[in-house]
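# okay, sequence plus prediction incoming.
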Amino acid sequence: MRNTTRDLPRGPTSAQKGESTVQSVDRAVTILELLAQHGSLGVTALAADLGVHKSTASRLVAALERRDLVEQIADRGQYRLGAGILRLAGATDARLDLADAARPAARRLADLTGETVNVAVLSSGAALYVDQIVGGGRHSSYNWVGQRIPLHATSNGKVLLCELSEAEVDDILDDALSAYTPATVTDRATLHRQLAQTKVSGYAVAIDELDVGLTALAAPVRDARGVIVASLSVSGPTFRFDEARREQVLGPLLEECAEVSARLGWREIPSVGIADS
């Protein structure tokens, strides 16, 4: 008798199905990496970067969107990383709540200043950026959300460290303070002096320290106990952020930080004033 089973079309084997699943996972992760790098991209651009048909990229993006790992930007047809990525990055529920509490203030600051506003928390020896709002209709060249940024080279980092003891700061930081630009503070004693000044003034400034051409001004957000639990920063090109511009931005920044702190139960409002950076 003829063995007709040999003539029947065969479906994919278990090994082939496994390879297909792994390939889909790899492509989905690549999408997340591309969005982290570029800030936002459309399906057409993602498909081109992946080397796949647009329909394939669309299915992958839809799957990620269902998990809140990406979200569509209204009226632009582009996607960016979603809030779900923070959970996978190790953010706690408290941090997510804090990002939600700070978002209205961040939006007001971005609208008022026309600059980029970031919300950061202390996490595993770095500043974890949990939210970012870009003002003035501008498109940020980099999405910091979910990224861990060096503490010693950023205004957010200095705010997050400023009320810790020198011993606590030394325990958190690496033995060597890496230089990212010629302006990066790599001397530990100098950093401690800057942190002491930040504690007194209530804000921190970083000019060209993480990236040449980038200046940021940051202030603390406190919980009900008065402990610094986050930092809110306004950043923009150094050529726009001269001392006069920082003076304009500082008042609204401190007011919004006080507003977020009040929502978290803290009542003291920091004084407004700017010293030489």
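That came through fine. Numbering: from 1, shown residues only.
# I would like the residues contacting stretch 21-39, please.
Residues outside stretch 21-39 that contact it (CB atoms under 8 Å, 6 or more residues apart in numbering): 41, 46, 49-50, 52, 56-57, 60-61, 63-64, 69-70, 79-81, 85, 139-143, 146-147. All C-beta spots, glycine's among them, are computed from the backbone N, C-alpha and C.
# hmm, 7 Å instead?
41, 46, 49-50, 52, 60-61, 63-64, 69-70, 79-81, 85, 139-143, 146 (CB atoms under 7 Å, 6 or more residues apart in numbering).
# pass me the low-pLDDT residue ranges in the stretch 101-250 of the chain, would you?
The model of the stretch 101-250 of the chain has pLDDT under 70 over residues 137-142.
# all strands for it, in order.
Applying DSSP state E, counting those that start in this stretch to the stretch 101-250 of the chain gives strands spanning 116-123, 126-134, 148-149, 204-207, 214-222, 228-237.
# tilt between the fifth one and strand 116-123?
Strand 214-222 and strand 116-123 are oriented at 60 degrees to each other (axes from the mean of the first three to the mean of the last three CA atoms, to 10 degrees).
# strand 214-222 pairs with which strands, and in what direction?
strand 204-207 (antiparallel), strand 228-237 (antiparallel) (DSSP bridges).
# export it as CSV, just CAs?
Taking C-alpha atoms only, strand 214-222 is exported to CSV below (Å, rounded to 0.1, in the frame of the first residue of the first chain):
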residue,chain,number,x,y,z
LEU,A,214,23.6,71.0,26.7
THR,A,215,22.7,72.9,29.8
ALA,A,216,20.2,71.9,32.5
LEU,A,217,18.8,73.4,35.6
ALA,A,218,17.2,71.1,38.2
ALA,A,219,15.4,71.3,41.6
PRO,A,220,14.2,68.8,44.1
VAL,A,221,10.8,67.1,44.7
ARG,A,222,10.2,66.1,48.3
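# and residue 37, how many neighbours does it have?
12 (other CB atoms under 10 Å).
# can you check residue 143 too?
Residue 143, neighbours per other CB under 10 Å, totals 18.
# isn't it right up against residue 81?
Yes. Checked against CB atoms under 7 Å, the pair residue 143 and residue 81 is within contact range at 6.3 Å.
# hmm, back to that, need the strands paired with strand 214-222 in CSV with distance to residue 116 and mean neighbour count, can you?
Shown next, in CSV, are the strands paired with strand 214-222 (distance: least, CB to CB, whole Å; neighbours: other CB atoms under 10 Å):
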stretch, distance to residue 116, mean neighbour count
strand 204-207, 14, 24
strand 228-237, 5, 24
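# so can I have JSON lines of these showing distance to residue 35?
Formatted as JSON lines, the strands paired with strand 214-222 follow (distance: least, CB to CB, whole Å):
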{"stretch": "strand 204-207", "distance to residue 35": "26"}
{"stretch": "strand 228-237", "distance to residue 35": "20"}
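# which of these sits closest to residue 133?
strand 228-237 (10.0 Å; CB to CB).
# what is the distance between that closest one and the centre of its chain?
Computed by CA atoms, centre = their mean, to the nearest Å, the separation of strand 228-237 from the middle of its chain amounts to 10 Å.
# let me know the angle separating it from strand 126-134.
Calculated by the same axes, to 10 degrees, strand 228-237 forms an angle of 50 degrees with strand 126-134.
# for strand 228-237, give me every contacting residue.
In contact with strand 228-237 (CB under 7 Å, 6+ apart) are residues 98, 102, 105-106, 109, 113, 115-121, 155-156, 159-160, 163, 213-223, 249, 253, 256-257, 260.
# now stretch 256-264: buried residues?
By 16 or more other CB atoms under 10 Å, the buried positions in stretch 256-264 come out as 256, 257, 258, 259, 260, 261, 264.
# looking at the residues you listed, spot the one nearest residue 174.
Lowest distance from residue 174 to those (CB to CB) belongs to residue 257, with 27.9 Å.
# out of everything not next to it in sequence, what's closest to the closest one?
Spatial nearest neighbour of residue 257, excluding adjacent residues (CB to CB, 6 or more residues apart in numbering): residue 219 at 4.4 Å.
# much appreciated, bye for now.
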